[in-house]
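Asker: need coordinates for the below:
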Amino acid sequence: MAFALLVILPVGGRVAGEDAGARGGVRFAAVDVWIDSGAQALAAWQFELAAETGSVKIVGIEGGEHPAFKTPPYYDPAAMQHDRVILAAFSTGRDLPTGRTRVARIHVQVTGNMQPEYAVRLDTAGSPDGQRIEAKVSLEKGEVR
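Answerer: Below is the predicted model of the structure:
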C-alpha cells in the first residue's frame with residue numbers, strides 16, 4: 001500500500017520590485033514536487049497539491065527531471081481552476097528513477113503579500129509490474145520567475 005504523506009510547506013520568493021509585496025502585488029513562483037521511492041523503481045504516481053493559504057493561481061505545469069517523467073503529467077483542468085490540481089504520470093520504459101526524483105514543477109501566480117502554504121498528498125505510487133510501492137512526497141521552493 002502506498003504511503004500517503006500530507007506536507008504543508010510555505011513556498012514563495014522575492015517579489016519583482018522592491019515594495020511589490022507590501023502593496024499586495026503579483027509575483028510568480030514554482031513549486032517542485034519530489035517523490036522518494038527508496039530502492040524501488042518508480043513507474044507511476046498520482047498526487048494532489050492544493051494551496052491552503054494565500055491567493056494562488058496555478059498557471060503552468062512542467063514534467064520532472066528524470067527522462068521517464070520529463071513530459072508534463074496528466075492533470076485535471078477543472079480542479080486546477082480552484083487553487084488545487086491532481087497530477088498523475090506513468091512510464092512503461094525500462095529506465096526508471098529510484099530514490100528521490102523531481103516529478104513535476106508547478107508554476108503559480110501569487111497575489112498579495114501573504115506567503116502561500118501548500119498541502120500535497122500522495123495518492124499512489126507504483127512499480128514497473130503494477131504493484132503499489134511505499135513512497136514519500138515532498139515540496140521545495142522553486143525559482144521566482
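Asker: drop to CA atoms for contacts and neighbour counts, all remaining ones
Answerer: Will do.
Asker: residues in contact with the most centrally placed residue in the chain?
Answerer: With distances taken as C-alpha atoms, centre = their mean, residue 33 lies nearest the centre of the chain, 3.4 Å away. Shown in contact with residue 33 (C-alpha atoms under 8 Å, 6 or more residues apart in numbering): 102, 103, 104, 105, 106, 137, 138, 139, 140.
Asker: does the second one touch residue 67 like I think?
Answerer: Think residue 103. No - Residue 103 is beyond contact range of residue 67, at 10.0 Å (criterion: C-alpha atoms under 8 Å).
Asker: so between these two, which is more surrounded?
Answerer: residue 103 (28 against 14; other C-alpha atoms under 10 Å).
Asker: nearest residue to that one in space, please, no chain neighbours.
Answerer: residue 64 (3.9 Å; C-alpha to C-alpha, 6 or more residues apart in numbering).
Asker: how many residues are close by the one you found?
Answerer: Neighbours around residue 64, by other C-alpha under 10 Å: 20.
Asker: equivalent analysis for residue 92, please.
Answerer: Residue 92 has 11 nearby residues by other C-alpha under 10 Å.
Asker: please name the residues that touch it.
Answerer: Contacts of residue 92 (C-alpha under 8 Å, 6+ apart): 43, 128.
Asker: what about it, which SS state?
Answerer: coil (DSSP: H, G, I helix; E, B strand; the rest coil).
Asker: quick revisit: what pLDDT does the model give the residue nearest to the centre of the chain?
Answerer: pLDDT recorded at residue 33 is 97.
Asker: how about residue 137?
Answerer: Reported pLDDT for residue 137: 98.
Asker: correct me if wrong: it contacts residue 120.
Answerer: Yes - contact criterion C-alpha under 8 Å: residue 137 and residue 120 qualify, at 7.5 Å.
Asker: just the terminal-to-terminal distance for stretch 51-70.
Answerer: For stretch 51-70, the first-to-last residue distance is 24 Å (C-alpha to C-alpha, to the nearest Å).
Asker: so how far is it off the chain centroid?
Answerer: 5 Å (C-alpha atoms, centre = their mean, to the nearest Å).
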